[in-house]
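Colleague: generate a structure from the sequence data that follows.
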Amino acid sequence: MKLLIIGGTRFLGRHLLTAALARDHEVTLFNRGNYSAEPGVETIHGDRHNDGDLVKLKDRRWDVVVDTCGHLPRSVRSAAEVLSGSVDVYVFISSQNAYASVSVPGVDETFPRATLTTEQLDQANAIDTSGQPSYGALYGGLKALSEQAAEEAMPDRVLIVRPGLIVGPYDYTDRFTYWVARVARGGEVLAPGRPERFVQFIDARDLAEWIVSMAERKAAGIYNTNYKPGQLTMQSVLEQCKVASDSDASFTWASEDFLLRENVSAWSAMPLWLPEEAAPHLKGFMFINCDKAIAAGLRFRPLSETIRDTLTWYQTTRSNDELKAGIDSDKEQALLRKWHETEGS
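Modeller: Residues are numbered from 1 along each chain as shown. Sure thing, here's the model as predicted:
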């Protein structure tokens, strides 16, 4: 199979490249060249937001394109239109944020998509696309509209992939890496909310391998791609982190009310934590239905493997870096002291 990857040098894109090469596929990357690529892999340098650069993809032939970094509907539409005669299937990496609501458990692919007003879309289009833009509250609507743009440009030839939190080696967001690294450091660890609270995420390598297998079949349609809901608790994740690193970590579970009063940011300062009572609109975020993808062959490696490999990657390449997510050590210690003084036993 001849595969074109838009992106292909960071996190999921990097794992897609690895999975495709392992299956002896011929891969071409299209990106701006800001990050190093695998030696020997053809790379076409260009900015996906620049129609003049997209022209470089014309008069070529691939079986499938995987768009790992589409955020703006106009840019996704431009890429799909340019490639409509050059590929059989357009794989668009979307997000479960594309749903209009995740307020109930069991959201599946039939649930309504988010949307944006004309003013919101204009606001997003005005954001500088030369770096790594953050679209904040607009993100879900932009992903949903990008899905529609691809579908309109290539009817019945689009595979839409909707993951939740993607984790594992090379994760530049550090939202999962924080817990792996923090538990490995040992000592008393501030943990959020109820220990038995369920969490949901997917190893980037499992996702990449499934996407490549679907590309081989030239499959189309919409698929939620996440670990099975109701299987992993926050406590089980942290305990497995402790086993993987053989650390002496102990966990102090601070209540949701305490963390909110202390202005601890959910998802960023405390990754994997979403307030259960204070955020009813997110009650289903960690319970997305992925039966369709599982029936189509999505498989999951053991959590212990994900943790161990993430820890090895972090200790080998990132141990001196400041993590982009999680709470800093001084603030954590201050919160632990306050919890014990005012709330904890």
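
Colleague: the residue lying closest to Arg182 once chain neighbours are set aside: helix or strand, and which one exactly?
Modeller: The shortest distance from Arg182 to any non-neighbouring residue, by C-beta to C-beta, 6 or more residues apart in numbering, is to Val189 (6.0 Å). Glycine gets a C-beta too; all of them are placed from N, C-alpha and C. According to DSSP states H and E, Val189 maps onto strand 188-192.

Colleague: give the other helices and strands that that strand contacts.
Modeller: Contact partners of strand 188-192 among helices and strands, from 3 or more C-beta pairs under 8 Å, 6 or more residues apart in numbering; DSSP states H and E: helix 234-245, strand 250-254, helix 329-342.

Colleague: would you turn these into a markdown table with mean pLDDT and mean neighbour count?
Modeller: Conversion of the helices and strands packed on strand 188-192 to a markdown table gives the following (pLDDT from 0 to 100; neighbours: other C-beta atoms under 10 Å):
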| stretch | mean pLDDT | mean neighbour count |
| --- | --- | --- |
| helix 234-245 | 98 | 19 |
| strand 250-254 | 98 | 16 |
| helix 329-342 | 96 | 14 |
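
Colleague: identify whichever of those lies nearest to Pro169.
Modeller: helix 234-245 (13.4 Å; C-beta to C-beta).

Colleague: contacting residues for the nearest residue to Ala269 once chain neighbours are set aside?
Modeller: The shortest distance from Ala269 to any non-neighbouring residue, by C-beta to C-beta, 6+ apart, is to Ile327 (4.6 Å). For Ile327, the residues meeting the contact criterion (C-beta atoms under 8 Å, 6 or more residues apart in numbering) are 190, 264, 269-270, 335.

Colleague: let's go with 10 Å and repeat that
Modeller: 178, 182, 190, 192, 259, 264-265, 268-271, 333-335 (C-beta atoms under 10 Å, 6 or more residues apart in numbering).

Colleague: show me which of these are buried.
Modeller: 178, 182, 190, 192, 259, 264, 268-271, 335 (16 or more other C-beta atoms under 10 Å).

Colleague: which residues in the stretch 101-250 of the chain form helices?
Modeller: Per DSSP state H, counting those that start in this stretch, the stretch 101-250 of the chain carries helices over the ranges 118-126, 139-153, 177-185, 204-216, 234-245.
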